[in-house]
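**Student:** let's see this in three dimensions:
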Amino acid sequence: MIRCIISLFVAIAATTVSLAREATVLSLSLPEVMARARKNSVDAEVALNQLKSSYWAYRSYRAELLPEVSFNATLPAYRKQYSSYMESNGSFSFVPNNYLQMNGELSVSQNIWLTGGKIAVNSSLDFLRQLDGAPYNRYLSIPVAVTLTQPIFGVNAMKWDRKIEPVRYNEAKANFLSATEDVALTAINLYFSLLMAQENHEIAVKNLENSERLYEVAKMKREMGQISQNDLLQMELNLLNARTDMTDCESDLKSNVFALRSFLDYGENVEIKPVIPLDVPRVEISYADALDKALTNNQFAKKMLRLQLEADYEVAKAKGAQREINMFMQFGYTGTDRTLPSSYSNLRGNQIVEVGFQIPLVDWGHRKGKVKVAESNRRLIASQVRQENMNFSQNLFILVERYSNQLRQLETARRADEIAQRRYATNVETFLIGKISTLDLNDSRVKKDEARREYINELYMFWNYYYQIRSLTLWDYEKNTGIDADFDALMR
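**Tutor:** Numbering: from 1, shown residues only. Sure thing, here's the model as predicted:
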């Protein structure tokens, strides 16, 4: 009895495991696959992380334009050591120091993007307690001090950042949108590879069934003397070839299912069954309109603008480094005493003005050479930008032309597939009554298979061209609106 119960539990457990491992078949359309790829694929995650990196870089730049409040303090600093001391006659001696010191400073600073300088308002307090001899306290207060740091001839980096950084971030956003369309393109490639493998497998199954049936018919006809031995051998060879094709197609189908399943982040127990996308967007796209949208929306145009601005910035930096003059000014009040309240009374003026400069007298053309190099690089980038613009326009023109022709190609392939299927079905019936030879039957079978594959391939080419244009123009032609995203929500 116990053995029976144990056997029953083992059987139930084995059945449960078997059911858990049973594959789940998902019939997915092309739009469903693209939608999941945009959310779950590794490529989509990489694109999002790149956008986040650019977003926080842009946020850091924006933060530099805002006031900064900071507090610096040393609480406390203790010193007990000997320090060198110069007497009035010029000789040195070492004197002991034993004191406790604390200080704190509160400052509000603001970068001045118009001039490249920096202004700050500071308030600080220093406390010192001498511990040797007769201990005493000392306070030094600066209730308020205004500090200005200003380069005179150097390059204004913040002014250039205001030109470059917004363009860089807009480029990153456009690049993210293009990357999501590229994810859809990858999904299209994997989807149609699986679809073609599925069609090949179905063709192989049908061809094997037909070959088995026709071989049996051929053997009966041979016994009745209606066909030659050569025709019978040909039918047997067709059967063997059909079995080989069946094995190859099964392996190829499994490989393509695995590739698409991994890309979409499905588990191993999921089997994907693609559906032929019979409905395609029938929209007219002109080259002039596509080029205008691409130059407005695509990250390519923003990248070209950024490269030009960066080249101009390098020239400005090289010219600014030829001579440097910096000014430092501080105006405020200070007080010192043995008690804290007294250090804030009887305040005295506290002014510092410094002007430092560095002008090379003889540098053997070093700085001038840097200016020439920067100017040459700027001219080189300008030439590269023109060449890239020409290549971009040319590639877009070819793509739009191919898309426009693809609609006609697709309709032709669809019609050819219908005719080939009907022709083969008719030839099979004709062969059964002995009206055509095996060569004619084989030819119609090959033409049928080729027409089906060509139709699937033309469908793939259409979707591929269409989403390439979407990726370049960042425009949804079906909805007649730009492709955009909720970037604020993505950054949360």
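**Student:** list the contacts of L347.
**Tutor:** P143, Y333, T334, G335 (Cβ atoms under 8 Å, 6 or more residues apart in numbering). Heads up, the C-betas are built off the backbone N, CA and C, glycines and all.
**Student:** for the chain, which strand is longest?
**Tutor:** The longest strand of the chain (DSSP state E) is strand 92-112.
**Student:** quick one: strands adjacent to that strand?
**Tutor:** Each strand paired with strand 92-112, and its direction, by DSSP bridges: strand 68-86 (antiparallel), strand 117-130 (antiparallel).
**Student:** mind giving me TSV with those strands and columns for distance to E388, mean neighbour count and mean pLDDT?
**Tutor:** Output for these, formatted as TSV (distance: least, Cβ to Cβ, whole Å; neighbours: other Cβ atoms under 10 Å; pLDDT from 0 to 100):
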stretch	distance to E388	mean neighbour count	mean pLDDT
strand 68-86	39	10	89
strand 117-130	37	17	92
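**Student:** quick one: closest of these to G320.
**Tutor:** The closest of these to G320 is strand 117-130. By Cβ to Cβ, the value is 14.1 Å.
**Student:** could I get the full set of helices for the stretch 251-400 of the chain?
**Tutor:** 287-297, 299-320, 340-343, 366-432 (DSSP state H, counting those that start in this stretch).
**Student:** could you list the low-pLDDT ranges of the protein?
**Tutor:** Along the chain, segments meeting pLDDT under 70 span 1-23, 438.
**Student:** SS state for the most far-flung residue of it relative to its centre?
**Tutor:** Centroid-distance maximum for the chain: N89 at 71.9 Å, with Cα atoms, centre = their mean. Following DSSP: H, G, I helix; E, B strand; the rest coil, we place N89 in the coil state.
**Student:** gap between it and P96?
**Tutor:** 21 Å (Cβ to Cβ, to the nearest Å).
**Student:** can you redo the contacts of L347 as a markdown table with distance to L361 and neighbour count?
**Tutor:** Output for the contacts of L347, formatted as a markdown table (distance: Cβ to Cβ, whole Å; neighbours: other Cβ atoms under 10 Å):
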| residue | distance to L361 | neighbour count |
| --- | --- | --- |
| P143 | 44 | 16 |
| Y333 | 41 | 15 |
| T334 | 39 | 16 |
| G335 | 44 | 17 |
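**Student:** which of the residues you listed lies closest to V362?
**Tutor:** Nearest member of the contacts of L347 to V362, counting by Cβ to Cβ, is T334, at 42.9 Å.
**Student:** partners of the nearest residue to the closest one once chain neighbours are set aside in the sheet?
**Tutor:** Nearest residue to T334, sequence neighbours excluded (Cβ to Cβ, 6 or more residues apart in numbering): N350, at 4.2 Å. Bridge pairing for N350 (DSSP bridges) gives the partners G332.
**Student:** how close does N350 sit to Y460?
**Tutor:** Counting by Cβ to Cβ, the gap from N350 to Y460 is 77 Å.
**Student:** who has more neighbours, the two?
**Tutor:** Taking neighbours as other Cβ atoms under 10 Å, N350 and Y460 compare with Y460 leading, 18 against 15.
**Student:** cheers, nothing more for now.
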